[in-house]
Structures are given as C-alpha cells and as structure tokens.
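Trainee: Below is the structure, and that's it, no one-letter string:
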C-alpha cells in the first residue's frame, strides 16, 4: 500500500493547489504548515523548516514529499538542505520545486540545493517553473490598480506559467515513478514581453494598463515602498537579469510531458482570475 504524501507550504499558492489535486485523486495527504492549518481532505501537521524537531512527526508514514522554498527567503540551501538530508536518509521520494534557469551556474544557491538532492541517492524529480502568471494578482497588482506595471524586464520575454499547471505537474511527479531522476522546465505556451502581457490583462479586465520598463534601483524603490524588505527586493530585481537576456522566453513541452495537457495561456489565466485582477 502506498504511503502518505507530505506537502510542505500547504497553505501557499502552489502547495494549496497540490494538496487539493492530490485529495481529489484519492491520495492520503499530510498538509504541513507552521500552525498546522486545517485543509479539507488532508491531515494537517505542524512543520517549521527551521526547527528540526518538527521533521520526525511530519514525516511519520510518508513515502513522498513535495518541497519548495517559501517566499521571502534568500538562502534556499540553508533553509531546505537539512530537510532534504533528513528525508533522503529515510529513502522518501522528493519532488523539489526550484526556479527556471538555475542550472545555468552551479554557484546559484537553488542549483546547489538540486545538486545536494541528486547526490543523496533518494528518488527525486526537480521542477523548475518560469515566472507565474499569478504574479499579476500578487506582486504586480498595485501596478494594475494604478494602470502601469513597472519592472526591470526591458523588452525581454517570459513564457508565464499558471500555478495550476505547476501544481498539476507536481501531482504527476508525485504519483508516478516514470519521471524519477529528471528535471523539468515548466513554462506556459507562449513567450510574451511585459508590454504584451500588460495588453492581454488590460483587454481582459477592460482597463488600460501600460508597461513601464524601469532600472533595478527604481524597481527596488517601488518594492520597498510597498513594504518588501530591501534585501529581498534587491534579490527580486536580480532575477530579472535572465528575463532581459531572453533566457526565460522559450516555451518547453514539459507541462504536457508530465500532465498530458497543454499549459494554460496568460489570457486563460486572466479570464479565470478576473475578479482578483480587478480587486
């Protein structure tokens, strides 16, 4: 009999969707969050990345794990390294979500985390999603409200991915051994500049939205003004470098490989989240 699946960050944007989809499939799920927040159909467990004492109880009866770095952390290796080690030592399969492009340089902390996982010998799948379509209703929502999205992307294109497709990819990786030992670059179906993306969102919500390319310092100023800590704002600015260079433009077929269906377009995302985008 298959064991339980532990989903870390179970009340986050991705984690909540992974839990929901696994429950629908009839899997036995442990939904982990710092305060053991109740989740329909799953067993809520308390888990804290920075408290090794919480690992054992959370891992009880588990044979598969979904793990990602929570937002706001700058040291994925320091934060996730200990749990990856503890889980791998038990022979538990790990589905790890990092970020597209981290395999460009072994010095990138996310890549170091991937390499650590690969060396453990435990079964694993690595998922590297592109920028989320959902960022338009979170990070960029203030810009949408004011009619202008200002990011340091220049004219670089991004194949934005709907978080529902990331979750579906994670579920596929967790419920099949066919993808073990591989890394997948998860993208949407088309490469769009932020100008093109703003035009799509504008059309869907019926409100003019411009795209204003800005430099890193201006962008950091906008974020810190909105309450984002300065070091994290600087990190977010730095990850626009690959966007400007065109490294995150090319769509891949990896969502279809994993899930059997084509990824959702940014337009589909916008139409199905129109209430949040108009909020």
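Mentor: Sure thing, it's come through. What you see is a predicted model, and the numbers here were worked out from it, not measured in a lab.
Trainee: can you give me the helices for the stretch 1-150 of the chain?
Mentor: 13-24, 55-59, 76-89, 109-120, 141-146 (DSSP state H, counting those that start in this stretch).
Trainee: meant to ask about the stretch 151-279 of the chain, not that
Mentor: Applying DSSP H, counting those that start in this stretch to the stretch 151-279 of the chain gives helices spanning 163-175, 194-205, 216-225, 230-238, 241-245, 254-259, 266-272, 274-278.
Trainee: Report the mean confidence score over the first one.
Mentor: In other words, helix 163-175. In this model, helix 163-175 has a mean pLDDT of 98.
Trainee: Taking helix 13-24 as reference, get the angle to it.
Mentor: Angle of helix 163-175 versus helix 13-24, following axes from the mean of the first three to the mean of the last three C-alpha atoms, to 10 degrees, is 50 degrees.
Trainee: who does helix 163-175 touch, helix- and strand-wise?
Mentor: helix 13-24, strand 62-68, strand 93-97, strand 124-129, strand 182-186, helix 254-259 (3 or more C-beta pairs under 8 Å, 6 or more residues apart in numbering; DSSP states H and E). The way it works is simple: take the backbone N, C-alpha and C, and place the C-beta from them, glycine included.
Trainee: Out of those, flag the one nearest residue 238.
Mentor: Among the helices and strands packed on helix 163-175, strand 124-129 comes nearest to residue 238, with 17.1 Å by C-beta to C-beta.
Trainee: so the closest one versus helix 163-175, what angle?
Mentor: Going by the same axes, to 10 degrees, strand 124-129 makes 170 degrees with helix 163-175.
Trainee: re the thing from before, winner for burial among the helices of the stretch 151-279 of the chain?
Mentor: helix 163-175 (a mean of 23; mean count of other C-beta atoms under 10 Å).
Trainee: who touches it?
Mentor: Residues outside helix 163-175 that contact it (C-beta atoms under 8 Å, 6 or more residues apart in numbering): 5, 13-14, 17-18, 20-22, 25, 27, 64, 66, 93, 95, 97, 125, 127, 129, 132-134, 179, 184, 186, 188, 254-255, 258-259, 261, 263-264.
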